[in-house]
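Student: this one's sequence-less:
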């Protein structure tokens, strides 16, 4: 599948695959956050634009565009602005993405990347036909505080999504007891989880030795069978390559 980014001539971007690591996860005791495989897989889900220098913004709580002050150098003049008001900081993407037919592009914050006093807004763009660029917007959440978007920070993350797939989903809620096998497996797992967590506090136990249950991480069922042949413990995306067609 192709994903192409046509950057406007004269502009350049630090656009690269999302990293599976996060600073805050590195700082957890024994880096235990990485034991949560869904977090690590989500971290690497997509590609991000990274800032080339700091951007600082201050919202006074007002509704107008002028209520948001941006402290930036002339070099950043075409990078961001107060375009909507209400404490929303807009980053410009000077280019157009192209996806294959019937594929959109989801754009938002880099997964599991917090920012003090601001949160990213998410958009979905039809990139198989649109010649229009889009913007990445952040909502300042606390008036009266300077918010710093640091150099190197991923300010916009993107990945393709199928346009119609969600509308084909037939969502159903069922009682667990309606699936005998699943009910047995889940009940067994829940009991084992409670016992495991209790034993973690007791020296000399198997749980204390193992430190954490690894069934899901390894893609194994309770009876140590492979859950699926496509189980992932790592997600490594290709980098954008540069093509000069002249």
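Tutor: In hand now; what should we look at? The model shown is predicted, which means the values in this text are computed figures rather than measured ones.
Student: Surely residue 182 is within a helix?
Tutor: Yes - counting by DSSP: H, G, I helix; E, B strand; the rest coil, residue 182 is located in a helix.
Student: so what's it closest to, chain neighbours aside?
Tutor: For residue 182, ignoring the flanking residues on the chain, the nearest one in space by C-beta to C-beta, 6 or more residues apart in numbering is residue 176 at 6.8 Å. C-beta: built from backbone N, CA, C; applies to glycine.
Student: tell me the contacts of that neighbour?
Tutor: Residues in contact with residue 176 (C-beta atoms under 8 Å, 6 or more residues apart in numbering) are 182, 183, 186.
Student: Quick check, pLDDT for it.
Tutor: pLDDT, the model's per-residue confidence, is 96 for residue 176.
Student: most distant residue from the middle of the chain?
Tutor: The outermost residue of the chain relative to its centre, with distances by C-alpha atoms, centre = their mean, is residue 204 at 38.8 Å.
Student: Tell me both backbone torsions, phi and psi, for it.
Tutor: Backbone torsions for residue 204, taken as degrees, to the nearest 10, come to phi 90, psi 0.
Student: which residues are in contact with the helix or strand bottoming out on mean pLDDT in the chain?
Tutor: Lowest by mean pLDDT, DSSP states H and E among the helices and strands of the chain is helix 206-210, with a mean of 75. When contacts are defined by C-beta under 8 Å, 6+ apart, helix 206-210 is touched by residues 195, 196, 197, 198, 199, 200, 202.
Student: Relative to residue 175, how far out is the first one?
Tutor: I take that to be residue 195. Here the distance between residue 195 and residue 175 works out to 25 Å (C-beta to C-beta, to the nearest Å).
Student: Those two: who's more crowded?
Tutor: When residue 195 is set against residue 175 and neighbours are counted by other C-beta atoms under 10 Å, the residue ahead is residue 195, at 12 against 7.
Student: doesn't the more buried one fall inside a helix?
Tutor: Yes - per three-state DSSP, residue 195 lies within a helix segment.
Student: Who does the longest strand seen in the chain pair with, and is each partner parallel or antiparallel?
Tutor: For the chain, the longest strand by residue count, based on DSSP state E, is strand 154-162. Neighbouring strands of strand 154-162 in its sheet, by DSSP bridges, are strand 47-50 (antiparallel), strand 103-108 (antiparallel).
Student: Quick check: next helix or strand after the last one?
Tutor: Read in the C-terminal direction, the helix or strand following strand 103-108 is strand 118-120, with elements assigned using DSSP states H and E.
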